[in-house]
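Student: kindly return the folded structure for what I paste below:
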Amino acid sequence: MRQDITNTDYSPGCCMSFADERELAEVRMIEEGLRSAYDGDTEGVIKAFSSLRDFAVYLVHLDITAEHELDAKALIIAMGDIGREAAQKRMEEASISSVSSLGEVAVEAVYEERESLALKALSVLGSLALEFGGKGMDAAAKSAAESLANVGKASSKKKMEVLTGLSEVYLMQLSMKAMEEKLSVTWNISLNLLGEIGVLSAEKAMENNAVGAAILFETLGTAAARKKDELRVKDVIQAIGKTGRAFSQKGSKNALVQAVWALETLRVLALEYSMESAGAEGKKELELLSTAGILDEEQNLEKIQEIKEFHRRIVGRT
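Tutor: I've put the predicted structure just below:
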């Protein structure tokens, strides 16, 4: 959700410059947020995040200068620091506020085409998401997944490939954490949202992101198969099948190819690990997909390597 900053007033006092007043306001908000987090004051942290979010959005709308860019990035990093402290204290509601606020800042930066700021907010958001998942904080991790997806969808609408791809990668990594920590709510929503970003990317003719979603699904399914977690393997197979059918409807041929490839890979893996039900699920989903005119095996391998290299590059940028 985009923020209305038209009524935000950060005008200087009578004896201070605009820049000094703004810097002082920023420092005070950060201090208040950190103090509240250290004290375990959930209400105080939530209030601080509301102010920090509004101020960060205000900075996103300022003229692009080195000073404004540094100020905004410093504020985003501080929001992450407060969120981590809230997680250390197991403050679930405050942690939810942290990722919600960061997600809103990132989305605003996307719509204003401030890619550098959006990337910084997304990377801090993704880091917090994985921390929440690793600590078994299902509600906070679920909220983080939703914020990651909001950024990914906004980026896809604006055809910002790197941000869309990074959102997908973070959702896959969060799904991995959810599988390890048995966070069922986060697992289910992360799978669904990853598919939604992939489909939206197909609709926007962003092939790398559409194909990338199918590759990330395969990575998740492979990890689940090696853990002999048949239920999770079936979940991934069903998600690929649903996404693949949407790819077919959108006319995204290469993404459909990867969906079919991923399904066949997981079907074979399931049978190798004696997961008959998952294998049967894979066969059923394959039969539901129209695969006429798909690329041959050699072409598909080349495409897979190309997208995996794309994922490595975008993660490296964070």
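
Student: so where is the stretch 201-318 of the chain shaky, pLDDT-wise?
Tutor: Within the stretch 201-318 of the chain, the stretches with pLDDT under 70 are 290-318.

Student: in stretch 222-236, what's buried?
Tutor: By neighbour count on 16 or more other C-beta atoms under 10 Å, the buried set for stretch 222-236 is 222, 223, 224, 225, 229, 230, 232, 233, 234, 235, 236. C-beta coordinates here come from the backbone N, C-alpha and C atoms, glycine included.

Student: those residues in helices, which ones?
Tutor: Using DSSP state H, the subset of the buried residues of stretch 222-236 located in helices is 222, 223, 224, 225, 230, 232, 233, 234, 235, 236.

Student: Throw these into JSON lines and include distance to residue 68, thanks.
Tutor: Shown next, in JSON lines, are these (distance: C-beta to C-beta, whole Å):
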{"residue": "222", "distance to residue 68": "44"}
{"residue": "223", "distance to residue 68": "42"}
{"residue": "224", "distance to residue 68": "45"}
{"residue": "225", "distance to residue 68": "48"}
{"residue": "230", "distance to residue 68": "52"}
{"residue": "232", "distance to residue 68": "45"}
{"residue": "233", "distance to residue 68": "48"}
{"residue": "234", "distance to residue 68": "49"}
{"residue": "235", "distance to residue 68": "44"}
{"residue": "236", "distance to residue 68": "43"}
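
Student: out of these, the closest to residue 85 would be?
Tutor: Nearest to residue 85 among these, counting by C-beta to C-beta, is residue 223 at 30.5 Å.

Student: isn't the closest one up against residue 179?
Tutor: Yes: using C-beta atoms under 8 Å, residue 223 makes contact with residue 179 at a distance of 7.0 Å.

Student: ok, residue 286 - contacts?
Tutor: The contact partners of residue 286, taken as C-beta atoms under 8 Å, 6 or more residues apart in numbering, are 260, 263, 264, 267.

Student: which of these tops the neighbour count?
Tutor: residue 263 (29 neighbours; other C-beta atoms under 10 Å).
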